[in-house]
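# what follows is a predicted structure for the sequence shown.
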Amino acid sequence: MDTSSIGILLDSALDVDKEFRSKKNLYVVPVYVNFGEKAYKDRVDLSIAKFFEMVQESKDWPTTSQPPPADFYEAYEILAQDYKTIFSFHVSSKLSGTIQSAKIASQHFMEDHPEVKIYVVDTLSVSIGGQVVVQKFLEIYSRAELLDEVWEPLNHFIQTIRIYISLFTLKYLIKGGRLKKSQGLIANLLNIKPVLAVIDGAIVPYKKTRGYEKCVDLAMELAFEGYKQEEEFNYVVAVVQDNEKAVEVNKRIQQLYPNAKGSIITIGPALSVHAGPRAVCFLTYKL
């Protein structure tokens with residue numbers, strides 16, 4: 001089937017690189033980052049640099065909120081001018097209610113525009129996983145003769161993606177209410193750093209170690225576990241405010257796995273609210 005004849009929508013809790021974002025048939029709906037009563041659209045009104053500037057200056061701890069159905073309706077309207085079939089990909093339903101907004105909007109839109117068909121897809125992922133899921137979808141779609149042939153291999157692929165996140169500080173998990181202050185105090189005193197994993201659509205504490213460098217090493221080790229040196233596979237390194245670290249880590253990966261194909265991207269505010277600066281994420285998969 002022809003991938004150029006379909007519209008693709010993502011919410012911005014799924015991070016994509018600039019090249020992918022520039023695709024003619026792709027539209028990104030921004031999530032909202034809130035400082036007190038003031039709401040900003042992710043990467044529209046608020047860059048990563050500006051976000052952390054405001055974190056330092058604001059008395060209010062930022063929160064994120066899902067786009068309302070009206071935002072998705074408007075996006076479907078834009079895509080429907082050129083595409084009568086739209087696939088709408090969203091951050092894991094276990095992490096956000098964003099997909100519910102998209103479903104409400106898609107149902108209303110299809111009632112108003114019966115010539116348009118919208119399929120809403122739960123990626124069971126966040127941040128760097130979004131682009132990877134859409135890329136796999138497009139590959140499967142291009143080889144399929146019927147849409148029914150797409151879903152089973154796509155769902156299987158989603159289950160095979162590995163995402164591990166290493167944190168530089170626990171401050172942001174504590175501020176965001178994801179970690180008790182007492183737990184954070186003990187962890188900081190002992191210099192304990194957690195590695196988080198995305199498992200079945202949820203972000204969970206997976207392992208812990210002492211020291212930031214060891215935490216990054218452990219996250220990388222977990223993501224690449226089982227891959228052989230000569231093997232061909234894909235990976236993504238994603239960072240919050242530390243491109244230098246990403247380049248350094250990427251060089252190590254290229255030396256260890258010369259046949260692997262990788263990229264570096266920047267994590268958006270939606271995950272940065274909880275992960276904080278210098279967080280490093282690793283994703284591995286096979287297309």
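Cool, got the structure. Numbering: from 1, shown residues only.

# D242 against R278, yeah?
Yes - the criterion here is CB atoms under 8 Å, and D242 meets it with R278 at 4.6 Å. Heads up, the C-betas are built off the backbone N, CA and C, glycines and all.

# surely Y27 and I6 touch.
No - using CB under 8 Å, Y27 is not in contact with I6; the gap is 12.0 Å.

# which ones are touching V132?
125, 161, 234, 236, 283, 285 (CB atoms under 8 Å, 6 or more residues apart in numbering).

# ok, then the element right after the least confident helix or strand in the chain by mean pLDDT?
Taking mean pLDDT, DSSP states H and E as the measure, the chain has helix 181-189 as its least confident helix or strand, at a mean of 43. Next in sequence after helix 181-189, counting helices and strands by DSSP states H and E, comes strand 192-199.

# strand partners (parallel or antiparallel) of that next one?
Here strand 192-199 has these sheet partners by DSSP bridges: strand 162-166 (antiparallel), strand 202-210 (antiparallel).

# if we can go back for a sec, quick check: neighbours shared by D242 and R278?
F168.

# the stretch 101-250 of the chain: helices as residue ranges?
129-143, 148-160, 171-175, 181-189, 212-224, 243-256 (DSSP state H, counting those that start in this stretch).

# do me a favour and average the pLDDT over the longest one.
It stands for helix 129-143. The average pLDDT within helix 129-143 is 96.

# ok, now the second one?
Model confidence over helix 148-160, given as mean pLDDT, is 97.

# same check, this time on the fifth one
Here helix 212-224 scores 96 as its mean pLDDT.

# how about residues contacting that helix?
By CB under 8 Å, 6+ apart, the list of residues contacting helix 212-224 reads 162-168, 193-195, 197, 206-209, 235, 245, 249, 252-253, 256-257, 278, 280-284.

# can you turn the buried part of those residues into a ChimeraX selection?
Buried residues among the contacts of helix 212-224 (16 or more other CB atoms under 10 Å), as a ChimeraX selection:
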select :162,163,164,165,166,167,168,193,194,195,197,206,209,235,245,249,253,257,278,280,281,282,283,284
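
# mind listing what the nearest residue to F168 once chain neighbours are set aside touches?
Distance criterion CB to CB, 6 or more residues apart in numbering; nearest residue to F168, sequence neighbours excluded, is R278 at 3.5 Å. Residues in contact with R278, defined by CB under 8 Å, 6+ apart, are 168-169, 212, 239-242, 245.

# counting neighbours, which of the residues you listed comes out on top?
V240 (27 neighbours; other CB atoms under 10 Å).

# list the contacts of it.
48, 266-267, 271-272, 275-279.

# where does the stretch 51-200 of the chain dip in pLDDT?
174-191 (pLDDT under 70).

# for stretch 260-279, list every residue counted as buried.
260, 262-263, 265-279.

# which members of these occur in strands, if any?
262-263, 265-266 (DSSP state E).

# can I get those residues in a markdown table with pLDDT?
Putting these into a markdown table (pLDDT from 0 to 100) gives the following:
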| residue | pLDDT |
| --- | --- |
| G262 | 95 |
| S263 | 92 |
| I265 | 89 |
| T266 | 86 |
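
# ok, back up a step: out of the contacts of V240, which is nearest to V31?
Nearest to V31 among those is L271, at 10.2 Å by CB to CB.

# count of neighbours near the closest residue to the closest one other than its chain neighbours?
Nearest residue to L271 in three dimensions, chain neighbours excluded: S127, at 4.6 Å (CB to CB, 6+ apart). S127 has 30 neighbouring residues, counting by other CB under 10 Å.

# do P67 as well
22.

# just give me the residue right at the centre of the chain.
S127 (1.2 Å; CA atoms, centre = their mean).

# torsion angles phi and psi at that one?
phi 50, psi -120 (degrees, to the nearest 10).
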